[in-house]
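K.L.:
pasting the structure only:
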């Protein structure tokens, strides 16, 4: 098929898109390059190539500990926010009662508030009920709180697109409510659940302002640890850990696109 | 026996009365259509039978069982949905086998019964495909197979042909009718398409605003509509405003702007004891009217109206006239092309009293 000749506006749009990509990706590229720097300081352009900052990173116990801690925290938080978000979405989409209309904005509010505010509010409330501001539970609850809206948003948009006559057909054919959910509804919203769960995982893993207020001794998340590290040292270990983060995030996105399709994140079909 | 009895069903949504005293009996093996404009309550009635809605009062029984408040999965009723509602993540085989699996039918038995029903609907060899790979008509037949394979006591169809193109719709009408006779199942069919209902049904239940206006065989319904709404909904009809002038033997008289009309097509129970001068409607179908350029001989059983030809369209097998009567109404006349009356000339139109309907106001 022959393509239509591009006019000036089309070319201008192409240039803008290209610049937007450069603007978004360039800092990431620079950080990755800095991680393989042969020199002593975090700067660009790098002085030669070396893997020494990665080996220093793996030897830095604090850094590795908080890396694993963040992974565990993100896993726990994304599992619980997926369950809560799924339940809330099912309720809000199915029932048009008053509770549903109250629940909808309430479920989305953590997304609207700056997470530093959410963190502050949580810290103050934990203190005032006497559990203390810096506990693992507090951190876990905070991460669950701010990642739930993603799951809620995605799963409810998938549910709004769902054709309910399919559930009625299943009931009509002899399936109970529970069987209908597992055989008909779940296969439909499965991709949305997985996709938004991964999204929740990544946003928990990257979360900084909330963690800053809620981490205590022995419970430092990776972003907080990196922040602390960069206050005292300015060597490319931070760039090395950032590189690992970038690879992790892009890797998950890549896997998601090829399994459930990223479109499910905004309610589309794969 | 799957005799279905709907007894005084009532249903309201907020302040809207959706079903107002719906009662009818559907005999075993009968194909009954629920016909009416959208919002008349036909789909709600069907959903009450399927168990997706519970009526506020009244009962639904199948055979000897009261199913009014039973869960849908316990009712043993098949249903074909307007959009088919096939499960897109399952193959055609799994779709059709779903109901049997829920009933814990042994594997070999499932394979046998699915194979048989696929033959009945003419879709052998399609088992491994997914619904999205099938045409609309094929999806429709999968939906029918899925509903029939569980051998339900009753099959409900909710506007099943609405999403098909005109040609396929025509084919499927005859196919459904043939299938119903072959399988011998009781069917309740919801539609807003009068010609579909006329072709398919043993009996048509016509509904307006949550009420049943008439329940009769197609021919009976066309010839002797009980209400103005039914007469208007099924076929074409010319309606005259008139006042009641009393019963007389087999007939009745009504005074219209065109003169006194004798009507012999009506339901006597609607008019017994009606006061002289009560407002009524007189209806005459366009094909019951005869048009001529001279005044026909006045006979006791013939209503004659004079008028002027205003419009004339030739549509092959007939002329379709619009005649302005002496009473000021515009009347449609469908007449054989052997009589050709020029535009603008005066004419006489006549209809036998047996074809002249007397209808009460709603």
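P.N.:
Looks like it came in fine. Please read these numbers as outputs of a predicted model, since none were measured by experiment.
K.L.:
Quick one: name whatever helix or strand follows the longest helix along chain B.
P.N.:
If you go by DSSP state H, chain B has its longest helix at helix B:166-183. Per DSSP states H and E, the first helix or strand lying C-terminal to helix B:166-183 is strand B:186-191.
K.L.:
is that following strand up against chain A anywhere?
P.N.:
No: judged by CB under 8 Å from any CB of the partner chain, strand B:186-191 stays clear of chain A, getting no closer than 13.5 Å. All C-beta spots, glycine's among them, are computed from the backbone N, C-alpha and C.
K.L.:
Which secondary structure element is home to residue A:77?
P.N.:
Here residue A:77 is assigned to helix A:61-94, by DSSP H and E.
K.L.:
With residue B:79 instead?
P.N.:
Going by DSSP H and E, residue B:79 is in strand B:77-80.
K.L.:
who does that strand pair up with?
P.N.:
strand B:154-158 (parallel) (DSSP bridges).
K.L.:
For the partner strand, what is the distance to the chain centroid?
P.N.:
Taking CA atoms, centre = their mean, to the nearest Å, one finds strand B:154-158 lying 15 Å from the centre of the chain it belongs to.
K.L.:
follow-up on the earlier one: what's the helix holding residue A:77 packed up against?
P.N.:
Applying 3 or more CB pairs under 8 Å, 6 or more residues apart in numbering or on different chains; DSSP states H and E, one finds that helix A:61-94 makes contact with helix A:52-59, helix A:98-112, helix A:136-160, helix A:186-206, helix A:222-232, helix A:237-259.
K.L.:
now the fifth one, how far from the centre of its chain.
P.N.:
I take that to be helix A:222-232. 20 Å.
K.L.:
Tell me which residues are up against that helix.
P.N.:
The contact list for helix A:222-232, computed with CB atoms under 8 Å, 6 or more residues apart in numbering or on different chains, reads A:62-63, A:66-67, A:69-70, A:205-208, A:211-212, A:215, A:220, A:237-238, A:241-242, A:245.
K.L.:
Of these, which qualify as buried by neighbour count?
P.N.:
Buried by 16 or more other CB atoms under 10 Å in any protein chain shown: A:63, A:66-67, A:69-70, A:205, A:207, A:211-212, A:215, A:220, A:237-238, A:241-242, A:245, out of these.
K.L.:
What is the helix or strand harbouring residue B:33 packed up against?
P.N.:
Using DSSP H and E, residue B:33 maps to strand B:31-35. Helices and strands touching strand B:31-35, by 3+ CB pairs under 8 Å, 6+ apart, are helix B:42-50, strand B:186-191, helix B:194-200, strand B:203-208.
K.L.:
got the buried residues for the next helix or strand after the longest one?
P.N.:
By that I understand helix B:42-50. Heading C-terminal from helix B:42-50, the first helix or strand you meet, by DSSP H and E, is strand B:57-62. For strand B:57-62, a neighbour-count test (16+ other CB under 10 Å) marks B:58, B:60, B:62 as buried.
K.L.:
And stretch B:206-221, by the same measure?
P.N.:
Applying 16+ other CB under 10 Å to stretch B:206-221 flags B:206-208, B:210-216, B:218, B:221 as buried.
K.L.:
Quick one: mean pLDDT for that stretch?
P.N.:
Averaging pLDDT along stretch B:206-221 yields 93.
K.L.:
what comes into contact with it?
P.N.:
By CB under 8 Å, 6+ apart, stretch B:206-221 touches B:11, B:17-24, B:34-37, B:40-42, B:45, B:197-198, B:201-205, B:224-227, B:229-230, B:233-234.
K.L.:
thinking again about what came up before, pipe the buried residues of strand B:57-62 into TSV and attach pLDDT per row.
P.N.:
Converted to TSV, those look like this (pLDDT from 0 to 100):
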residue	pLDDT
B:58	93
B:60	95
B:62	93
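K.L.:
Give me the subset of those residues that also touch chain A.
P.N.:
Within the buried residues of strand B:57-62, nothing lies near chain A by CB under 8 Å from any CB.
K.L.:
out of these, which one sits closest to residue A:79?
P.N.:
Nearest to residue A:79 out of these is residue B:60 (CB to CB; 45.1 Å).
K.L.:
How much space separates the closest one from chain A?
P.N.:
Note on residue B:60: its distance to chain A, by CB to the nearest CB, to the nearest Å, is 15 Å.
K.L.:
which residues touch that residue?
P.N.:
Going by CB under 8 Å, 6+ apart, residue B:60 touches B:4-7, B:9, B:48-49, B:66-68.
K.L.:
Contacts for the strand holding residue B:79, please.
P.N.:
With CB under 8 Å, 6+ apart, strand B:77-80 has contacts from A:168-169, A:172, B:49-51, B:62, B:140, B:143-144, B:147-148, B:150, B:152-158, B:160, B:185.
K.L.:
Do I have it right that residue A:163 meets residue B:83?
P.N.:
Yes: using CB atoms under 8 Å, residue A:163 is in contact with residue B:83, at 6.9 Å.
K.L.:
quick check: domain ranges of chain B?
P.N.:
B:4-229, B:236-360 (automatic domain parsing).
K.L.:
So which of those domains is the most surrounded?
P.N.:
domain B:4-229 (a mean of 19; mean count of other CB atoms under 10 Å in any protein chain shown).
K.L.:
now do the same end-to-end measure for it.
P.N.:
Start-to-end span of domain B:4-229 (CA to CA, to the nearest Å) is 26 Å.
K.L.:
if we can go back for a sec, compile the domains of chain B into CSV and extend it with columns for distance to residue A:111.
P.N.:
Output for those, formatted as CSV (distance: least, CB to CB, whole Å):
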stretch, distance to residue A:111
domain B:4-229, 31
domain B:236-360, 59
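K.L.:
Between helix A:186-206 and the helix holding residue A:77, find me the angle.
P.N.:
Using axes from the mean of the first three to the mean of the last three CA atoms, to 10 degrees, the inter-axis angle of helix A:61-94 relative to helix A:186-206 is 140 degrees.
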